[in-house]
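> 3D, please:
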Amino acid sequence: MADFRLSADIIRRSKGRSVVAAAAYRAGDRLLDERTGSVKDYTYRADVLYSEILTPKNAPAWMQDRHDLWNEIERSEDRSTRRGEAQLARDIELSLPHELTHEQHVDLVREFVQVNFVDQGMVADVAIHAPPRRGDGRNHHAHILLSMRDIEEDGFGKKNRTWNRKDQLQEWRERWDELQNNALEKYGCDARVDHRSLADQGIDREPTMHLGPATQAMEDQGIATDRGDENRRRKGANDNLELLKAELADIDRQIASIQRLQKIVGAVESGYQRVEQGAVSERQASEMETRPPQPYAGGPEAAPMPDSGSPVEKGGAEAKEQERQDQAQKAQETQQEQARVAEAKRLDQLGQQYRDKVLADAQAMQQQQDRLKVDRDAQQRHAIWLEAQEKTAREARQAEQRLKEEQDRAPEGSLRNPGTRYAQALQQYDPRSPYESLAKAAIAEHAAFKAEQLALSRQIESATDPKQRQALELRQKIEGYDYLVITGERIAGQSLVITGRADNQDRLRTLENVAKYRDEAKALREQYRDLQAERTAPQQAPEKAPEKSPIPTREGRPGERQPGKYARMVEKINDPEAAKKRKEQEELERQKGKGLGKDERER
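Numbering: from 1, shown residues only. The predicted structure follows:
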């Protein structure tokens, strides 16, 4: 049985689709979308074997031009009242019998399109595609884009609702079924197609799903999708069903073999009975021959012959012969009974072995299905986490692009987006080895973070303006906390993927720390914004205020805040030497505040 597929879909604006882009993709053409001003160029496609536009007799000549046709359809929908939800075209996809040649495919598709669509008043844009590189090379298929409005003198008119009948698709499937089978028979092919569902055909098998180009592209890159997972589940279930059917067929063959053996045993027993009956008949005949003749009634008794024994002797010989025959018959019956018992025992053991084998196979299959279910759950969690990572990377790349387009308005520069480093590290992501790629990206991200923090430390040391210096320090702390936040969230997400438990204690502690880092970064951002606003505000003569005693800090600058616990943590991660020097400087200033002399401090 050859594969059958005729599917229909609607190209809608509500899903963000463009019929001009769809036409260019299917025909491998280059078209200008006048509505958006973008050019859709798919001329690089080498798998488009044939394309043609078929129009009704009353259609104007310009509808033969693909650019004019589909741009006019877009304009027709722009004039409708619900242009944002417009239905632009009907998309039909057909599978073509791989047993036929390309020329036969073209004739078959043209005949079907002409009779069922064009003669009914639709404009059809037809394209035949070669099988993709993946697969077995038999997936020849055709795409048909159909207009949905009636044709009038000046172009397209109203939508034709009769083409949307519920039974219309079923009629198209039946006609495509009939046309394909006629062509297969005409060209001498044994294969046939059937438009009915597998259930209607009496086939106990789950149908697989058509993935489509977008889903198939993700699957080819190693990215699991819902439709791909469902397809794999159905194929696995079908394979298991085929294995069960093979097991049942083997059991049926064994049962048939047992039945044949039983027939043979029955035939042997019947033969034994026939032999036994023949032996009895021969014995009776022998007795008749050896029995002496009886005298006629009323006549004189014949004298005994000289060589004949007496009646007593003859009776003893016959009794012995009868006893011997009875013993032989009993021995034969015993042997037959033993043979029957042994054969019944053997057959019972054989049946028990088959039952045990079927039960063990069923248990093994159930265990395999359980393992597959666990694997599917893990794959689904991984796919969700991976999708979130890719989304983060995309957003970070966009933010990085915006940062490049903006000019820095302050000497200390703008705050860096925390996801930018990870996005840059993910540019070398390889879907064939996702875990190794993500590990390398995390290492590269950490190295970039340390380099940026070191660069900021150097800028802080060289800054002469106190306000600029303070802004750079705030920026360094904020970016440090942002890095701790984004890496903590990533670690928590990985913990959920690995354990499958949202209440994992390590994950909860990580999220708790993330919340603290985020709050600290938020408070520092407010200080950073206040400082920026103060620097950009018009300069006014400051009122003279009473002098306050300076607050001792690590560098002796008045008014500077002492670094918090998490700032010290960030500094200790990024630059251990600087953290050590900071600690020594703070200890020195603390002792100065107590008024200790040099000798006392050394002691």
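> residue contacts, residue 131?
Going by Cβ atoms under 8 Å, 6 or more residues apart in numbering, residue 131 touches 98, 137-141. The C-beta positions use only the backbone N, C-alpha and C, and glycine is treated the same way.
> got a pLDDT number for it?
pLDDT for residue 131: 86.
> before we move on, what about residue 70?
Reported pLDDT at residue 70 in the predicted model: 94.
> now do the helix or strand hosting it: distance to the chain's middle.
Assigned by DSSP states H and E, residue 70 belongs to helix 66-78. In this view, helix 66-78 has its centroid 37 Å away from the chain centroid, taken as Cα atoms, centre = their mean, to the nearest Å.
> check which element follows it along the chain.
Downstream of helix 66-78, the next assigned helix or strand under DSSP H and E is strand 87-95.
> tell me what that next one is packed against?
Applying 3 or more Cβ pairs under 8 Å, 6 or more residues apart in numbering; DSSP states H and E, we find strand 87-95 packed against strand 6-12, helix 19-27, helix 66-78, strand 141-146.
> against which helices or strands is the helix or strand following it packed?
Downstream of strand 87-95, the first helix or strand assigned by DSSP H and E is helix 102-116. In this structure, helix 102-116 packs against strand 48-54, strand 124-129, strand 141-146, helix 168-186, with contacts taken as 3+ Cβ pairs under 8 Å, 6+ apart.
> re the thing from before, the helices and strands packed on strand 87-95: which one's closest to residue 179?
Closest to residue 179 of the helices and strands packed on strand 87-95, according to Cβ to Cβ: strand 6-12, at 10.7 Å.
> hmm, back to that, so can I have CSV of the helices and strands packed on helix 102-116 showing mean neighbour count and distance to residue 234?
CSV is the format used below for the helices and strands packed on helix 102-116 (neighbours: other Cβ atoms under 10 Å; distance: least, Cβ to Cβ, whole Å):
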stretch, mean neighbour count, distance to residue 234
strand 48-54, 17, 30
strand 124-129, 23, 25
strand 141-146, 22, 21
helix 168-186, 16, 21
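> quick one: closest of those to residue 36.
strand 141-146 (18.3 Å).
> which elements pack onto the helix or strand just after the closest one?
Using DSSP H and E, the helix or strand that follows strand 141-146 towards the C-terminus is strand 149-152. Using 3+ Cβ pairs under 8 Å, 6+ apart as the contact test, the elements touching strand 149-152 are strand 155-159.
> make CSV from the helices and strands packed on helix 102-116 and add distance to residue 26 to it.
Below are the helices and strands packed on helix 102-116 laid out as CSV (distance: least, Cβ to Cβ, whole Å):
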stretch, distance to residue 26
strand 48-54, 8
strand 124-129, 4
strand 141-146, 4
helix 168-186, 18
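> mean confidence score for the helix or strand harbouring residue 241?
Following DSSP H and E, one finds residue 241 within helix 226-290. Regarding helix 226-290, the rounded mean pLDDT is 72.
> give the other helices and strands that that helix contacts.
For helix 226-290, the packing partners by 3+ Cβ pairs under 8 Å, 6+ apart come out as helix 213-220, helix 311-405.
> report the distance from that helix to the chain centre.
Its chain's C-alpha centre and that of helix 226-290 lie 45 Å apart, by Cα atoms, centre = their mean.
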